[in-house]
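Asks: Provided below for reference: sequence and predicted model.
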Amino acid sequence: MIVLDHNIPRDQALLLRRWRLRANHIGFEVGRPEWQDQQEVLRYLHRLKAPTFFTRDAGFFRQRLSHPRICIVLLTGRVLDTAADIRRFLGHARFATRARRNGLVAKVTPSGVIFWEHTKRSQRRVAWRR
């Protein structure tokens, strides 16, 4: 299940739907718009089966937030590129399936993805393919 934080613009969520990527948007389809507290969002994610959560909130890019059944992805690119960045991340061979994403806390940058795995202490980096 793909979950978008409330800070993902609505037009970008609609663009994902046009591309046939179904996502639940916090504050619109699920949860409440006032879920600003990280703990409320994390409680919700822990109740779901293998969610991939996309946010623009840098506070979520913490190794201690890794969990074997959850993937957290921080988007750092331009706001207008949010949907394209999500599609690019999900289309990358390293992150294309839930099984490959589970346990990751990742940051999507213009040059690639930086991430922690739940079972490892060091960060890894994957470049975008040209």
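Replies: Done, it's in.
Asks: Distance from the worst-scoring helix or strand of the chain on mean pLDDT to the middle of the chain?
Replies: The weakest-scoring helix or strand in the chain, judged by mean pLDDT, DSSP states H and E, is helix 38-47 (a mean of 89). Centroid displacement of helix 38-47 relative to its chain, using C-alpha atoms, centre = their mean, to the nearest Å, is 13 Å.
Asks: What helices and strands are in contact with the helix or strand just after it?
Replies: Elements were assigned by DSSP states H and E; along the chain past helix 38-47, the next helix or strand is strand 52-55. For strand 52-55, the packing partners by 3 or more C-beta pairs under 8 Å, 6 or more residues apart in numbering; DSSP states H and E come out as strand 2-4, strand 71-75. (Each C-beta comes from the backbone N, C-alpha and C, glycine too.)
Asks: Now do strand 52-55: everything it contacts.
Replies: Under the criterion C-beta atoms under 8 Å, 6 or more residues apart in numbering, residues 1-5, 7-8, 23, 41, 45, 60, 70-75, 86, 90, 98, 101 lie in contact with strand 52-55.
Asks: partner strands of it, parallel or antiparallel?
Replies: With DSSP bridges as the test, strand 52-55 is paired with strand 2-4 (parallel), strand 71-75 (parallel).
Asks: In CSV: these, plus distance to T82 and mean pLDDT.
Replies: Shown next, in CSV, are the strands paired with strand 52-55 (distance: least, C-beta to C-beta, whole Å; pLDDT from 0 to 100):
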stretch, distance to T82, mean pLDDT
strand 2-4, 9, 95
strand 71-75, 6, 98
